[in-house]
Each structure stands twice: as structure tokens, then as C-alpha cells.
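1. Only the shape, not the letters, is given here:
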């Protein structure tokens with residue numbers, strides 16, 4: 001990938017106002033137009049087409065002028081020369097990155113429910129909404145704002161950037177920083193060193209500078225920073241905790257399980273500290289859209305879910321540190337408190353919840369490993385999706401994360417291939433994702449297929465795919481390889497006193513061998529072999545490996561923490577002989 005194609009997003013003063021395109025019958029036209037114009041006319045270019053044919057011509061005209069289209073609002077039914085359902089399906093091909101909303105009169109809703117449900121399941125449109133019958137239909141606008149927000153985060157260049165980066169093209173360092181900031185929901189702009197902004201930032205660096213350079217509002221720029229250094233600028237570092245501080249609850253890992261433990265622990269009055277090695281949200285934070293999480297009928301991105309949970313926990317008083325993980329747990333024989341080490345810092349806590357989740361297994365193909373961050377990515381790497389516009393992409397993996405990544409990439413890439421070792425996705429992926437993938441025009445699933453080689457001049461250019469039954473191979477063009485392989489727990493730093501199963505997951509509760517029980521009683525449901533240390537989410541042996549179940553375990557750990565703290569208090573009050 002050349003630096004020219006990497007910096008193909010226009011500067012802020014050159015950006016065109018994104019458009020919302022509406023097509024509806026005469027009976028709905030005035031109400032919908034008035035509602036959309038009154039709410040969004042200042043920030044979006046509101047366009048209307050009376051018929052389906054006019055809508056397509058209008059869309060092509062906007063694309064020719066390079067006007068980004070954020071949202072289509074199309075009424076189902078007869079739109080002159082087109083049916084609304086068919087038009088929405090056509091627009092999926094024409095502008096795959098735009099969000100598509102099917103409008104339906106409220107009077108038709110009950111009779112059309114099966115049709116609407118099928119349309120969403122097959123990906124013909126993103127959602128359906130009843131046409132407003134008057135002003136201030138807030139349910140209608142809630143959905144519109146959610147889709148515009150999702151489009152703005154994943155497709156559009158940010159209007160107001162939290163941070164600015166100067167770089168001359170893709171690199172592993174830049175990829176890691178962008179992925180971290182994207183997962184934290186922090187908008188960032190990238191500038192070439194020869195641009196006006198780029199030159200100004202580089203001129204403000206004291207001494208020599210190495211790209212990428214990170215510019216922070218009100219703070220000196222950082223030259224070639226690590227992710228840990230970037231995280232420290234946002235949350236600070238644990239060594240700032242006053243010496244002698246003892247937290248009631250230390251949560252290690254801030255995926256859904258850790259975030260739930262932080263929310264419930266802090267809300268119930270426990271002094272709560274959270275340590276996360278990477279971005280808040282963990283592996284789930286990389287998901288472009290989670291559609292089966294309770295309470296979000298239109299879905300929610302992993303980043304948004306993590307962002308909301310982080311804010312929620314912070315409002316209750318939880319303290320977060322990110323970018324550097326725990327390297328050691330010092331177990332106290334009295335079990336009334338434990339210490340952990342994070343870099344040079346030492347943190348003391350009365351109870352610990354381990355929620356570190358799992359990490360994707362390394363791929364091991366040398367030609368691809370050498371290009372990590374330059375076309376090859378572990379996880380969904382949503383920050384790299386826009387760079388795949390018009391390109392060929394391969395996703396390796398058959399789980400829900402791989403399906404979500406493929407669907408997100410299909411909004412940008414010319415072609416997405418899902419390579420799996422099994423024959424099909426049915427054993428490993430949720431049905432709703434399989435149906436969406438089958439309905440997507442640019443996604444192909446290749447069963448019994450493995451990536452055995454790859455390469456390129458500074459950036460991924462090709463891959464070699466091998467059929468694991470016939471052992472025949474083919475070389476294909478590819479600018480992106482997204483690896484969502486089987487995962488393994490990250491437990492090497494955990495002391496031996498905490499028992500693991502044969503796959504290195506942490507054992508808890510009744511799953512514990514009886515020799516670890518005390519007085520014939522097993523540890524609490526989520527408690528490990530060390531009293532006061534609990535394991536939740538994907539890192540726990542026997543867990544379900546789902547976002548909802550991980551959140552449930554994180555919340556369920558807090559009552560067990562209370563019980564442990566109460567036992568410790570009673571033990572300390574009891575005279576010792």
C-alpha cells in the first residue's frame with residue numbers, strides 16, 4: 001500500500017457534508033422529511049427522491065461528487081419503478097458502507113412482521129422503523145442517531161480528533177496505536193509529515209523525532225510511542241496510587257467480565273481498581289457489531305459496549321489503568337489481602353477478580369508474521385477496515401468474532417473470503433451470522449481451507465490457500481489477512497497456587513479436585529484454589545465464551561467477594577490462640 005492510498009481521506013477543511021437520502025410515498029413524505037430536516041439538516045445534506053429510479057440516480061450523482069452517504073431511509077412498498085425492498089437490496093451493492101433503514105407505516109407493521117424480520121436476517125436492510133406520525137417521535141430518532149453514530153465511528157473521518165498522529169504510511173507501530181485508540185472510542189487524525197499540520201506537529205517535538213509522532217492536546221508530542229505510553233497519557237499509571245492504599249477489589253482484565261465486576265463492585269461501595277493490559281473492552285471490544293446481546297435490538301459495537309460500561313463503572317468510583325498488564329500476584333498466606341505487580345508499581349487488594357480472557361493463538365506462517373500491522377492483523381482490527389476499500393481480504397476463523405469481522409469488512413472490501421478448516425460454519429458460528437454471511441454478495445466461505453503462505457513488498461499482497469483434503473494450493477491477491485484463530489488463556493504470570501485445568505484455564509468452585517476443598521466444602525462458585533481470588537469469563541475453565549455469560553459471571557463474582565471480605569473481618573475479630 002502506498003502512502004498516497006493510505007492518506008486518501010480528505011483534510012477537515014476539504015470534507016464534504018455527508019448525505020442522508022430519503023425515498024418515500026407521498027402519504028409519508030412530508031412527515032418524514034420534516035422530521036429528518038429539523039433534526040439533522042444542520043449536520044447532514046438531506047436529499048429526497050420520489051421514486052426508486054430517482055433515488056438510484058441521486059445516489060450515483062452524490063458518489064460521483066465524492067459526497068459520503070451515511071444513511072438511506074427507504075419506505076417499503078411501491079416507489080414507482082422500484083419496490084422499496086428491492087431498492088434497499090440494490091443500494092447494498094451501490095453503497096455498502098451506508099446504513100439502510102426500511103420505513104413502514106404503523107398501520108402495516110403487524111401484517112409485515114415476518115417480511116421485516118426476514119429482510120433484516122438476510123441483510124437487505126439494517127433495521128426497520130415505523131414512519132413517524134408526528135413531531136418528536138423519540139423512538140424513531142433514537143434508532144437514527146445510533147446508526148449515524150455507528151457510521152461516523154466506523155466509516156467517516158473524525159470531525160474533531162482527540163489525538164493527532166504524524167506518519168508516512170502503514171507500520172506495525174502505527175497499527176497498534178490506531179487499534180488501541182479506536183477500541184477506546186477516541187477519534188484520531190493521521191497526517192503526512194509533508195502536510196501543514198504534520199510539519200507543525202513535528203516542529204514542536206523537542207530533539208529528534210521518529211515516526212509515528214503522537215500529538216496530544218496541551219501536552220508535548222510523543223515520538224514513536226508504545227501503546228503503554230499512549231495509554232498512560234489517558235489514564236495515568238498505577239505507580240501514582242498512594243503507597244499503603246489497599247483496595248477492596250482489584251479486577252485484572254477489562255473485557256465484559258471485568259467491566260461487569262467493576263460496575264457491580266464499585267456500585268456496592270467496594271473501592272475498586274481495574275488493570276487492563278490492552279484497550280478497555282478486551283477481545284469483545286474488537287467486535288464491530290454484537291447483535292445477540294440482551295437489550296440492544298439493533299446491535300452494539302464492542303467498543304460502544306465497553307465505553308458505556310467503563311463510564312458507568314467510573315461514575316461509581318472505579319479506577320482504571322490501561323496499557324500495561326499485571327506481571328505477578330503475591331499470595332498472602334493469611335488471605336486477608338494480596339499484592340500484584342504492574343511494571344514498577346505494587347498494588348494491594350483484599351480480593352482479586354481475574355478476568356484476563358484469552359488471546360488469539362499465533363499464526364506461525366513466517367511470510368505473514370513478518371507483515372503483522374502491514375496488512376496482517378490479529379483480531380477484527382476495525383481501524384484497518386477503511387484501508388481495505390476496494391481490496392481483497394481473507395478472514396481466518398469460524399467463530400462469531402470472525403463472522404462479525406467479515407460482515408464489517410464487507411462494507412469496504414471488494415471481496416471477503418472466510419477460510420475455515422471445517423466444511424462449514426454451522427458448528428462454530430451463530431445462526432444469525434451465518435444467514436447474514438450467506439446473503440452478503442461479496443463474502444465467500446471456503447471450507448477445508450488453510451492459509452499456508454503469504455507475502456508482499458512492505459505490505460501484504462498475496463496469500464497461498466491450501467485445501468486440507470486434496471492438498472491443492474492456489475495463490476490469490478490479498479491486501480488484508482485478519483486472523484481470528486482459536487484462543488488460549490493468558491495465565492503464564494499467575495502463581496502455581498492457583499490451579500489450572502489441562503488447557504491452562506483457571507479452575508473454580510465444584511470443578512476443583514476434592515483435595516483442594518476445605519473441611520469437605522468446595523470453594524465458592526467462581527473462587528479459585530486461593531481464597532479471595534476469583535476467576536470469571538473466558539479465562540475460567542468451563543465458561544461459555546460468550547459476552548453475555550462473561551458479563552453475568554463478572555456481576556456474580558461481587559456477592560462472593562462480599563462474603564469473602566466478611567469472613568476475613570470475622571477471622572480478624574476472632575482471638576487467636
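-> Nice, I can see it. The structure presented is a predicted model; accordingly, all values stated were derived computationally and were not measured. Numbering: from 1, shown residues only.
2. Averaged pLDDT, stretch 82-101. What do you get?
-> Average pLDDT, stretch 82-101: 93.
3. For that stretch, buried residues please.
-> 82, 84-85, 87-89, 91-92, 95-101 (16 or more other C-beta atoms under 10 Å). Where you see a C-beta, it was placed from the backbone N, CA and C, and this is true even at glycine.
4. Narrow those to those in strands?
-> 82, 99-101 (DSSP state E).
5. Relative to residue 188, which of those is nearest.
-> Closest approach between these and residue 188, by C-beta to C-beta: residue 99, at 22.4 Å.
6. Quick check: the closest one touching residue 145?
-> No. The pair residue 99 and residue 145 fails to qualify as a contact (C-beta atoms under 8 Å) at a distance of 11.3 Å.
7. Give me the neighbour count for residue 573.
-> Using other C-beta atoms under 10 Å, residue 573 is surrounded by 7 other residues.
8. Residue 94 and residue 60 touch, don't they?
-> Yes. Between residue 94 and residue 60 there is a contact under C-beta under 8 Å: 7.4 Å.
9. beta partners for the closest residue to residue 363 other than its chain neighbours?
-> In space, residue 363 comes closest to residue 483 once its chain neighbours are excluded; the distance is 5.3 Å by C-beta to C-beta, 6 or more residues apart in numbering. Counting by DSSP bridges, residue 483 forms beta bridges with residue 378, residue 396.
10. Show the contacting residues for residue 483.
-> 360, 363, 368, 376-379, 396-397 (C-beta atoms under 8 Å, 6 or more residues apart in numbering).
11. just residue 43 next, same as before
-> Neighbouring residues of residue 43 by C-beta under 8 Å, 6+ apart: residue 17.
12. Please identify the buried residues of stretch 48-58?
-> Using 16+ other C-beta under 10 Å as the test for burial, stretch 48-58 gives 48-49, 51-52, 54-56, 58.
13. In JSON lines, list those along with pLDDT.
-> Below are these laid out as JSON lines (pLDDT from 0 to 100):
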{"residue": "48", "pLDDT": "94"}
{"residue": "49", "pLDDT": "93"}
{"residue": "51", "pLDDT": "94"}
{"residue": "52", "pLDDT": "94"}
{"residue": "54", "pLDDT": "95"}
{"residue": "55", "pLDDT": "96"}
{"residue": "56", "pLDDT": "96"}
{"residue": "58", "pLDDT": "96"}
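14. For these, could you give me TSV that also reports secondary structure and distance to residue 259?
-> Below are the buried residues of stretch 48-58 laid out as TSV (DSSP: H, G, I helix; E, B strand; the rest coil; distance: C-beta to C-beta, whole Å):
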residue	secondary structure	distance to residue 259
48	strand	42
49	coil	44
51	coil	48
52	helix	44
54	helix	47
55	helix	42
56	helix	44
58	helix	43
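15. Pick out the most distant pair among the residues you listed.
-> 48 and 56 (13.7 Å).
16. Wait, residue 385 touches residue 153, no?
-> No. Using C-beta under 8 Å, residue 385 makes no contact with residue 153, being 11.1 Å away.
17. more crowded one of the two?
-> Comparing residue 385 with residue 153 by other C-beta under 10 Å, the one with more neighbours is residue 385, at 25 against 17.
18. For that one, give me its contacts.
-> 154, 288, 408-409, 411-412.
19. and what of residue 89?
-> residue 124.
20. Can you check which strand is longest in the chain?
-> strand 345-354.
21. Past it, which element shows up next along the chain?
-> Sequence-wise, the next helix or strand downstream of strand 345-354 (DSSP states H and E) is strand 358-360.
22. What are the buried residues along whichever strand or helix holds residue 551?
-> Residue 551 is part of helix 547-573 when elements are defined by DSSP H and E. For helix 547-573, burial by neighbour count (16+ other C-beta under 10 Å) applies to 547, 549-558, 560-562, 564-565, 568.
23. What of stretch 107-116?
-> For stretch 107-116, a neighbour-count test (16+ other C-beta under 10 Å) marks 112, 116 as buried.
24. what lines up beside the longest strand of the chain in the sheet?
-> strand 246-252 (parallel), strand 338-342 (antiparallel), strand 533-535 (parallel).
25. Give me the buried stretch members for it, please.
-> 345, 347-354.
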